[in-house]
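Engineer: Return atomic coordinates for the entry below.
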Amino acid sequence: MSAPSVSDDPFYGRPFVAALAVIALLLAAANLRGGLVVVGPLVEQIREGLNISASAFSLLTTLPLICFGIISLCVPALSRRWAPQTLAIGGLLIISLGVLLRLVNNYPVVLLGTLLLGAAIALLNVLIPGLVKAFFPRKVGLMTGLYSVTLSAGAGLGVYLAVPLLERFGHWHYPVALWALLPVLCILFWLPMVKVKGVGKPANPLKVSLWRSKTAWAITFYMGLQSFYFYSMATWLPKILLESGLTAHDAGTATALINLVSIPFNFLVPIMAARMANQRTLVLGIFLASFTGIAGLWWQPATAPLLWASLIGIGCGGALSLALSFFVLRATNTAQATALSAMAQSIGYLLAATGPAALGLMRDWEGGWQTALVLMMVLQCVQLVCGLLASRPVNVVPDQDK
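Structural biologist: Residues are numbered from 1 along each chain as shown. Next comes the predicted model:
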C-alpha cells in the first residue's frame, strides 16, 4: 500500500484553503449529534408541549437511528451524481430544516423534521470519511481523530447547553433552535470547498460494490457491534447503577464519564492507527477495556462504578475512532471510502437500534441485568474477532481480499 504523495494533496501550497477545509469538516462534525441529543434533557418539557406519551417521545430518538441505517446505503449512488462537497452543503441545509420543523407544536410535523434530520445526518456520516481521505490523504489519522473528538464534543455540547438555555429563555424551543442556526454558519465554510479541484464528482463514476469483501464485512460488524455497545450502555447504565444501590447523582456522574473519558481516545486512536502496519494491538487494548468494564458491572456494579464507566468510555471512544479509521485506511480512493462507510454505517446503525430494546426486554424478562451483561460480554468477544480481521493491512477490493 503506497503512501500518498504531495501531488495527491488538493491543498498543497495553499495553507489558507486547507485551514478552511479543516474548519468546514470539524464544524460539520459538530452538527451531527447536537440536534439529536438536545431533546434528551428536555423530555418533560417537550412531552408537555406536544401532549405526547413517553412511547411517542421515544420515536424522536429511535427514528434517526433507523434513518442512519436506511439512508446510508443511498449515499454512494448520490455521490456518483453530485460532488461530495455539494452533498455536504445540501445535508447541512436539511439538518437546519429538520430542526426547524421539530420546533412546530404539531407531533406529525415534528416526526417529519426528525426523519429529515436523521436522513441528513446519515448523508454526512457517510460522506465525511471519504472527504477526509480526499482532502487530507497524508493526514488521515490526525483528521479522523479531530473529526471523532468534535463529533463527541458536539453531542456533549447539545446535552450540556440544553437546560441552561431552557432556564435562561423559559422555553424548550430555544436550546433546540440553536442547532438550526449552527449548520447555516457551517455552510459559509463549505462554499469555498465546492471549487477544490480533484475532489468533485468523478468524470467516469463507477459503482463500487464491497458486499463480497471479507474485510468490508469485518469492518461493518465491528462498526455495528461498537454502536450496539455504546447506545446500550448510554441508555441503560444509569438504571443498572441505580438498581445496584447508587444514588441518582452518583449514577449520573458515572454515566457522564463515558463521554468524558472517551475524548482523548477519540483523538489518539486514529493517529496511532494510521502509523501502524496493522491495528491488532489497538483492537486488543480496546477489547480489554470494554470487556473489563462490562465484567465489572456484571460482578459488582456498586463496588467501583467510576472505574467501570471509565473503562466503558475508553472502549466506546476507541472503538468508534478505530471504526472510522478503518473506512479510510482500508480504502484506496474516495469512492471506496464512501462505499465502505455506507455499508458499515447502514448495517451498523440498524444493529445499534436493536441494542437498547434487546437489553431492556432481557431485563424485564429476568428482573435483573445479569443475562443482558453476559450477552454484552459475548458480543465484545465477537467484536474482537471482527476487529482482528479488519486490522489486517488489506484493502477492501474483492479481487484483492484474500
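Engineer: Name the residues that touch stretch 158-168?
Structural biologist: 33-38, 40-42, 45, 172, 174-175, 178-179 (CB atoms under 8 Å, 6 or more residues apart in numbering). For every residue, glycine as well, the C-beta is placed using N, CA and C.
Engineer: Determine which two of those residues are furthest apart.
Structural biologist: Maximum pairwise distance among the contacts of stretch 158-168 (CB to CB): 20.1 Å, between 33 and 45.
Engineer: For the helix-or-strand element of the chain with minimal mean pLDDT, buried residues please.
Structural biologist: One helix or strand of the chain scores below all others by mean pLDDT, DSSP states H and E: helix 54-71, with a mean of 81. Using 16 or more other CB atoms under 10 Å as the test for burial, helix 54-71 gives 57, 59, 60, 61, 63, 64, 65, 66, 67, 68, 69, 71.
Engineer: ok, back up a step: of residue 33 and residue 45, who's got more company?
Structural biologist: A count of neighbours by other CB atoms under 10 Å puts residue 33 above the other of residue 33 and residue 45, at 22 against 17.
Engineer: Run through the residues that contact residue 88.
Structural biologist: Going by CB under 8 Å, 6+ apart, residue 88 touches 28, 123, 124, 127, 128, 131, 190, 193.
Engineer: Tell me what angle the strand or helix carrying the second one forms with helix 54-71.
Structural biologist: When secondary structure is defined by DSSP states H and E, residue 123 falls within helix 107-135. Computed by axes from the mean of the first three to the mean of the last three CA atoms, to 10 degrees, the angle separating helix 107-135 from helix 54-71 equals 30 degrees.
Engineer: Mean confidence (pLDDT) on helix 107-135, please.
Structural biologist: Model confidence over helix 107-135, given as mean pLDDT, is 92.
Engineer: Let me know the next secondary structure element after the helix or strand that contains residue 309.
Structural biologist: For residue 309, the host element (DSSP H and E) is helix 305-329. Remark: after helix 305-329, the chain's next helix or strand is helix 334-366, criterion DSSP H and E.
Engineer: For the helix holding residue 123, name the packing helices and strands.
Structural biologist: Packing contacts for helix 107-135, counted by 3 or more CB pairs under 8 Å, 6 or more residues apart in numbering; DSSP states H and E, involve helix 15-30, helix 34-37, helix 54-71, helix 75-81, helix 84-101, helix 140-169, helix 305-329, helix 334-366.
Engineer: I would like the residues contacting the shortest one, please.
Structural biologist: Right, the one you point to is helix 34-37. Outside helix 34-37, the residues that touch it by CB under 8 Å, 6+ apart are 61, 64, 95, 98-99, 102, 117-118, 121, 154-155, 157-159, 176, 178-180, 182.
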